[in-house]
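Undergrad: show me the folded form of this:
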Amino acid sequence: MIPYAQGGETSVDNLAPQCRLHHRLKTHTRWQVRPLPTRGWRWTSPTGHTHDTSTDPPPY
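TA: Numbers count the residues shown, from 1 in each chain. Now for the predicted structure:
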């Protein structure tokens, strides 16, 4: 994903659904977020630890 301010496109392939907190975390800190091959995102902390999240709806 390439930020819009750095020439990234506004397209489905370049968007990540995020709340304001997560958008600010991605944009204004050293955290990084990348899409997973399946549904979800991989967040990488400034120390290199990864945290995978899912975009699947809750199981209820």
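Undergrad: shaky segments in the protein?
TA: Segments of the chain classed as low confidence (criterion: pLDDT under 70) are 13-14, 17, 57-60.
Undergrad: what about the helices in it?
TA: The residue ranges that make up the helices of the chain, judged by DSSP state H, are 20-28.
Undergrad: find the residue at the geometric middle of this protein.
TA: Centroid check for the chain by CA atoms, centre = their mean gives Val33 as the closest residue, at 3.6 Å.
Undergrad: show me where the protein has its strands.
TA: Assigned by DSSP state E, the chain shows strands spanning 32-35, 41-44, 50-53.
Undergrad: related to what we said a few turns ago, let me see the contact set for the residue nearest to the centre of the chain.
TA: For Val33, the contacting residues are 1, 16, 18, 22, 26, 41-44, by CB atoms under 8 Å, 6 or more residues apart in numbering. Any C-beta I mention is one placed from the backbone N, CA and C, and that applies to glycine too.
Undergrad: format the strands of the chain as TSV; extra columns: distance to Gly7.
TA: Conversion of the strands of the chain to TSV gives the following (distance: least, CB to CB, whole Å):
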stretch	distance to Gly7
strand 32-35	17
strand 41-44	22
strand 50-53	26
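Undergrad: out of those, which is closest to Ser11?
TA: Between Ser11 and these, the shortest separation by CB to CB is 12.7 Å, and it involves strand 32-35.
Undergrad: and the closest one, what's buried?
TA: Counting neighbours by 16 or more other CB atoms under 10 Å, one finds that the buried residues in strand 32-35 are Val33.
Undergrad: partners of it in the sheet?
TA: Sheet pairing here is set by DSSP bridges, and for strand 32-35 it gives strand 41-44 (antiparallel).
Undergrad: just the buried residues of the partner strand, please?
TA: Taking 16+ other CB under 10 Å as the neighbour-count basis, strand 41-44 is seen to contain the buried residues 41, 43.
Undergrad: can you list the residues that contact that strand?
TA: Outside of strand 41-44, the residues within contact range by CB under 8 Å, 6+ apart are 16, 31-36, 50-53, 55.
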